[in-house]
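Peer 1: Need a 3D model of the sequence below.
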Amino acid sequence: MTTGSTAATISGDKLFRDHIARFNAGVDSGDFGPTIDAFSDDAVFTFEGRSLGPLRGRAEIAAGSREYPATDWIEVISTTEPDESTVVARFRWVRASDTGTITMQHRGDVLTAITVTFDGTSGPEVHP
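Peer 2: Below is the predicted model:
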């Protein structure tokens, strides 16, 4: 993976949707390696309103993925890009139908932070 060399050519929306595609493929295969590889070494993954985290660094994010493996796909409802390094997306869990917001920060094509906020209290367990 490059470290920001495509900053001028990749949109935040595409970067986010590519991340979700890797995540959903990980749900199917159990291999979240490609999802984890997209994070910077010092990335932070936060779950608002959940007892896990924040997870700091790629190693902690990988450990969280092993300890709490995802079991549901994410569907992107909409995205906005409030600035050149931030994507805010509305999403829903496909099976559970619970919704929330994911805020993703990036440097070019490298993910530096993700914050997941759930709309309700009955959503699925956390999944990096």
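Peer 1: Which strand or helix spans Thr117?
Peer 2: strand 110-118 (DSSP states H and E).
Peer 1: and what of Ser51?
Peer 2: Using DSSP H and E, Ser51 sits within no helix or strand.
Peer 1: follow-up on the earlier one: strand partners (parallel or antiparallel) of the strand holding Thr117?
Peer 2: In the sheet, strand 110-118 lines up against strand 39-48 (parallel), strand 99-107 (antiparallel) (DSSP bridges).
Peer 1: in it, what's buried?
Peer 2: Neighbour counts over strand 110-118 (16 or more other CB atoms under 10 Å) mark Val110, Leu111, Thr112, Ala113, Ile114, Thr115, Val116, Phe118 as buried. Every C-beta, even on glycine, is put in place using the N, C-alpha and C of the backbone.
Peer 1: One more: stretch 28-48?
Peer 2: Phe32, Pro34, Thr35, Ile36, Ala38, Phe39, Ser40, Ala43, Val44, Phe45, Thr46, Phe47.
Peer 1: For Ile114, give me its contacts.
Peer 2: Shown in contact with Ile114 (CB atoms under 8 Å, 6 or more residues apart in numbering): Ala43, Val44, Phe45, Thr46, Ile102, Thr103, Met104, Gln105.
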